[in-house]
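[1] Task: produce atomic coordinates for the following.
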Amino acid sequence: MDFTTAQRTLQSAIDQYPRLVALTFALNIQTRDSEMLQSRFQAEFSPLLDTLINDRIEAGKITPPTQLRFIWLHTQPALHGLLLLNQNSIWQTYKDGEISAAIAPIICCLSQAGELATKIQCVTLSSPSYIQLDRNDQEDFHHVYTLLKQRIYSLMPDY
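    Alright, predicted model coming up:
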């Protein structure tokens with residue numbers, strides 16, 4: 001994925017969701033077919049996240065839908081991923097405790113999906129593992145948005 005496509009994907013997610021979470025991770029496995037690995041990973045991740053969302057709904061928590069978006073950056077020896085999702089689907093400010101408690105099961109799903117897709121434990125998290133973007137907080141939004149774009153740019157091959 002080139003930087004322009006990654007930026008468009010990020011902008012599309014921000015336009016759709018005023019409160020967005022970006023989780024950064026890597027699949028540490030060498031492959032010649034990164035597109036197939038991406039597809040297999042996403043196919044394994046989606047039902048795992050659906051189960052978490054269904055658990056929130058059954059618990060009576062507000063859980064608006066989310067459209068998953070991935071930004072994939074192929075660098076040797078890893079395939080870096082950025083998962084973009086509606087923060088409101090997994091965590092409501094001041095109602096659900098700390099966001100880290102809501103992120104932990106998502107991270108677990110990322111690890112499970114990686115193992116299901118590759119048959120080995122291959123997922124590692126970037127530091128920080130997630131970034132929150134809130135369009136309603138104009139003071140912080142532009143700074144965080146710039147940091148996220150810089151992270152994407154730094155993972156781009158040939159830069």
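
[2] gap between Ile103 and Lys119?
    26 Å (CB to CB, to the nearest Å). In short, each C-beta sits where N, CA and C put it, glycine included.

[3] Can you name the helix or strand that Thr63 falls in?
    Secondary structure assigned from DSSP states H and E places Thr63 in neither a helix nor a strand.

[4] and Ile103 and Lys119? which has more neighbours close in?
    Higher neighbour count among Ile103 and Lys119: Ile103, with 18 against 9, using other CB atoms under 10 Å.

[5] Assign a three-state SS to that one, would you?
    Secondary structure state of Ile103, per DSSP: H, G, I helix; E, B strand; the rest coil, is helix.

[6] Enumerate every residue touching it.
    By CB atoms under 8 Å, 6 or more residues apart in numbering, the contact set of Ile103 is Val21, Leu23, Ile90, Trp91, Ser129, Tyr130.

[7] Surely the fifth one is in contact with Phe25?
    The reference is to Ser129. Yes - here Ser129 reaches Phe25: they are 7.3 Å apart, a contact under CB atoms under 8 Å.

[8] what sits in contact with each of these two?
    Ile107.

[9] With neighbour numbers in mind, choose between these two.
    Just comparing Ser129 and Phe25: by other CB under 10 Å the higher neighbour count belongs to Phe25, 24 against 17.

[10] The nearest residue to Gln121 once chain neighbours are set aside sits in which helix or strand?
    Nearest in space to Gln121, with sequence neighbours left out and distances taken as CB to CB, 6 or more residues apart in numbering, is Glu115 at 5.5 Å. In the assignment (DSSP H and E), Glu115 maps to helix 99-118.
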